[in-house]
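the following block contains a protein sequence and its predicted model.
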Amino acid sequence: MIPLAAYVAVSAILFLTGLLGVLIRRNFIIVLMSVEIMLNAANINLVAFSHYLESMAGQLVALFIIAIAAGEAAVGLAIIIVVFRGKLSTNVDEMNLLKW
Amino acid sequence: MSDLTDLLIKLIPVFPLLAVIANGLFGSRYSHEIAHRLAWGSVALSFLCVIGVFADVLRTGVSHEVVAYQWIFGGDLTINLAYLVDPLTCVWLLVVTGVGFLIHVYSVGYMHGEEGFTRFFTYMNLFMVSMLLLVMGNNYVVLFIGWEGVGLCSYLLIGYYYDKVSAAKAASKAFVVNRIGDAGFLLAIFLVFINFKTLDYTKVMAQVSQLSPEMATAIALCLLIGAVGKSAQLPLYTWLPDAMEGPTPVSALIHAATMVTAGVYMIVRNHAIFDLSPIAMEIVAVVGGCTALFAATIGLVQTDIKRVLAYSTVSQLGYMFLGCGIGAYTAAVFHVMTHAFFKALLFLSAGSVIHALSGEQDIRKMGGLSKKIPWTYRLFLIGTVAIAGLPPLAGFWSKDEIMGHAFVNHHYLYYTMAAVGAFLTSFYMFRLTYLTFYGPSRMDHHTEEHVHESSMVMVGPLMALGVLSVLGGLILGFPPEHGWLHGFLAPVAAVAGEHEASAALVLPLMGVATGIALLGWGLAHFLYSASPATADSWSTRFSGAYTTLLNKYYVDELYDVLFVEPTKRLGEWLDWFDRTVIDGLVRGVAQLADWGSAGSTWIEKYVVYAGLNVIGLGNHLAARQGRKLQSGMVHHYAALIIAGLFLLALVVQIIIQL
């Protein structure tokens, strides 16, 4: 029997990996993939607690998150394509219009 | 029948009012022909209504009280727009609408081609409305409204030629002098209300005997002040001669036949109050007698045809007041009627003369007109004989009655005054006739060429008035003291304890009066026809008296010095006071505020703004640093969000542990 802590630890490692990917990597597509990793870390957490608490609600929410992640990936890729058409690049450092 | 009469009474003032509204508001949209037809037509309709009402009053002998409109009611005070038509009112209604109608018709010819033709008739009709309200009102307030209304119309019509300075000044003078009288009248109304708690004539007269003699004197004197102003008696007569600046029909209607007799109407209407106060009666008689004499002497030497007639009017009004003062109310009313006939006739004939001479009013530039304008001449002569008091024309009967009354009731002083006045009247009127119509022509060539008889529309009314001047006295007042008018007025104007002239006295008194009139005629004939040189030599021999009379006893100058100039100086001083002291205060306050605001501007600029600028600068510098946070890069923002998240988790952790 694998203890709950192991699941939570894996989830935390995955989440930090995704977080670091979002913060450090410069390629928009990789940033997007890192976001997916973070979502999946949350999913692992939800399923683990669902099992631990013997409640199906957590697994249902995990299913929702998978659906939302699919939608998010579609929208994110569409934005990347639009931006790429304008800038001919996917480097997030060049996308700095969101300021004063 | 009574309902019909009531309706007719209500309608009397309505017709002229409608004409005023039509001509006043829309007069410029239609021709003069329509305007003047509306004007005299409305007066004619009123006259017909008056005839109907008069017939009813004559037949039944009942006076009517009609409430046309409930106006003010609350507490003790009830004032209605209500009419009282009794024999006294009937007399005035007949004169006002009858003579008024003739003068309106005459005006159509006289005012033909004048600028403001419609305006003239609007004012005339407004005058008719006011005058009708004045004589028909059943309480003092309606009387006062009419009183002020006729004053207003008098002002408007005297100042009809408003671009003429003298006319504008005369109008203001008439208005201001009348204000003095009106103030007295108002006081009288207040006193009446305080004492009787009502302003209706019938209710006041019913309880008039409760009045203390002192209060009766006070009310009577206040009323007298009002009457003196309106009827141009001493000492407030000065406005009437100046009022001749207005067009001649105005002088005839307002300043001879109707408005100026309003004072007499008021006294007769309130004679119950006057009867309670012998002192007030005495004062009325003295005022009347002195005015009759005083104005007649001024009339002796005046050279303006209308001014002679104006002074004559003042003098004749004096007779009416004298009549009131000695209790001969019926005689006074009788004289009002006959005077309305012959003075309107004289004024309108004078207007016809002026019209013929293209506006000339100076009798020194007339003469020899009897052949050229024969109808005007004949009618003027009738007027002259009537006013001079030769039997059997109208003026004789009424004037003789006042004089007879004075004699029989032992007022010998008043009788003498009236007799001398009658002599002077006869003299100056025949003087006027001789200078105007006889002797050599003194016109300049140009005027003489254009002399022409007036048109039928002017001569027609003159003839009607001429007939009235000849027969009016006989119809109304013959036999003396027992004529038709005396019987008709007996319910409203009879006074107990009157002495009647015995038959033995009547004829000698008449003889004396006729003799006096003939004497005046004779003197005038001598001085202005038979031996004109004597007139000149007399005027040089008595030059002091002559110039005094010519200058109207310097009364205007005296009033100027006593009242007008001090008032002007007071006004100038007040103007100075206003400009320097009051305005100075205001400007001082403004100056202080100005300095204050300059100071606060400085403080604002160099203290408040400085402080604000320091804060602003601080913010600016802080913001310059702070905006570096906003790199625009998503991952910077994300890092901050994560940091915030951790910080939040830390805070929650700490709070939980607490």
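That came through, no problem. Numbers count the residues shown, from 1 in each chain, chains lettered A, B, ... in the order given.

list the residues that contact residue B:337.
By CB atoms under 8 Å, 6 or more residues apart in numbering or on different chains, the residues touching residue B:337 are B:91, B:95, B:398, B:472, B:476, B:485. (C-beta placed from N, C-alpha, C; glycine too.)

per-residue confidence at it?
Note on residue B:337: pLDDT of 91.

okay, and it sits in which element?
Using DSSP states H and E, residue B:337 falls within helix B:329-356.

with residue B:175 instead?
In the assignment (DSSP H and E), residue B:175 maps to helix B:165-196.

and the next helix-or-strand element following that helix, what's buried?
Later in the chain than helix B:165-196, the nearest helix or strand by DSSP H and E is helix B:201-206. By 16 or more other CB atoms under 10 Å in any protein chain shown, the buried positions in helix B:201-206 come out as B:201, B:204, B:205.

so what does the helix or strand encompassing residue B:119 touch, helix or strand wise?
Assigned by DSSP H and E, residue B:119 belongs to helix B:117-136. Counting by 3 or more CB pairs under 8 Å, 6 or more residues apart in numbering or on different chains; DSSP states H and E, the packing neighbours recorded for helix B:117-136 are helix B:14-26, helix B:32-60, strand B:77-85, helix B:87-110, helix B:140-158, helix B:262-269.

check which helices and strands the longest one sits against.
Counting contacts by 3+ CB pairs under 8 Å, 6+ apart, helix B:32-60 is packed against helix B:2-11, helix B:14-26, strand B:64-74, helix B:87-110, helix B:117-136.

which non-adjacent residue is nearest residue B:84?
Leaving aside its sequence neighbours, residue B:84 sits nearest to residue B:138 (CB to CB, 6 or more residues apart in numbering or on different chains; 3.4 Å).

that neighbour against residue B:86, yeah?
No - judged on CB atoms under 8 Å, residue B:138 makes no contact with residue B:86 at a distance of 9.5 Å.

these two: which has the busier surroundings?
Comparing residue B:138 with residue B:86 by neighbour count (other CB atoms under 10 Å in any protein chain shown), the higher total belongs to residue B:138, at 26 against 21.

relative to chain A, how far out is the more buried one?
90 Å (CB to the nearest CB, to the nearest Å).

then residue B:558?
93 Å.

how about residue B:240?
Going from residue B:240 to chain A by CB to the nearest CB gives 92 Å.

which element is that residue on?
In this structure, residue B:240 sits in helix B:239-242 according to DSSP H and E.

quick one: that helix to chain centroid distance?
Centroid separation between helix B:239-242 and its chain, computed with CA atoms, centre = their mean, to the nearest Å, is 11 Å.

what's the mean pLDDT across that helix?
Per-residue scores along helix B:239-242 average to 89.

quick one: name whatever helix or strand follows that helix.
Counting by DSSP H and E, what follows helix B:239-242 is helix B:248-252.

hang on, the earlier thing: what about the helix holding residue B:337, distance to the chain center?
Counting by CA atoms, centre = their mean, helix B:329-356 is centred 17 Å from the centre of its parent chain.

and the helix holding residue B:240, what does it pack against?
helix B:165-196, helix B:305-325.

mind listing what's buried along that helix?
B:239, B:240, B:241, B:242.

could you dump the residues you listed to CSV with distance to residue B:253?
Listed next are the buried residues of helix B:239-242 as CSV, based on distance: CB to CB, whole Å:
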residue, distance to residue B:253
B:239, 16
B:240, 14
B:241, 17
B:242, 17
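
closest one to residue B:376 out of those, please.
Comparing the buried residues of helix B:239-242 against residue B:376 with CB to CB places residue B:241 closest, at 22.9 Å.

isn't that closest one right up against residue B:314?
Yes - judged on CB under 8 Å, residue B:241 makes contact with residue B:314 at a distance of 7.5 Å.

related to what we said a few turns ago, tell me the angle the helix holding residue B:175 makes with helix B:262-269.
Put simply, helix B:165-196 runs at 10 degrees to helix B:262-269, going by axes from the mean of the first three to the mean of the last three CA atoms, to 10 degrees.

pull the contacting residues for the residue positioned nearest the centre of chain B.
Nearest to the mean C-alpha position of chain B, by CA atoms, centre = their mean, lies residue B:151 at 3.1 Å. Residues near residue B:151 by CB under 8 Å, 6+ apart: B:174, B:175, B:178, B:182, B:230.

got the confidence number for the closest residue in space to the second one that isn't next to it in sequence?
Take residue B:175 and drop its neighbours on the chain: the residue closest to it by CB to CB, 6+ apart is residue B:155, 4.5 Å away. The per-residue pLDDT reported for residue B:155 equals 93.

next: residue B:501.
57.

show me where the stretch 401-550 of chain B has its helices.
All helices of the stretch 401-550 of chain B, identified by DSSP state H, counting those that start in this stretch, fall at B:412-437, B:445-449, B:456-477, B:484-493, B:503-525, B:532-541, B:543-550.

how far off centre is the longest one?
In other words, helix B:412-437. 26 Å.

for the last one, same thing?
The gap between where helix B:543-550 is centred and where its chain is centred comes out at 30 Å by CA atoms, centre = their mean.
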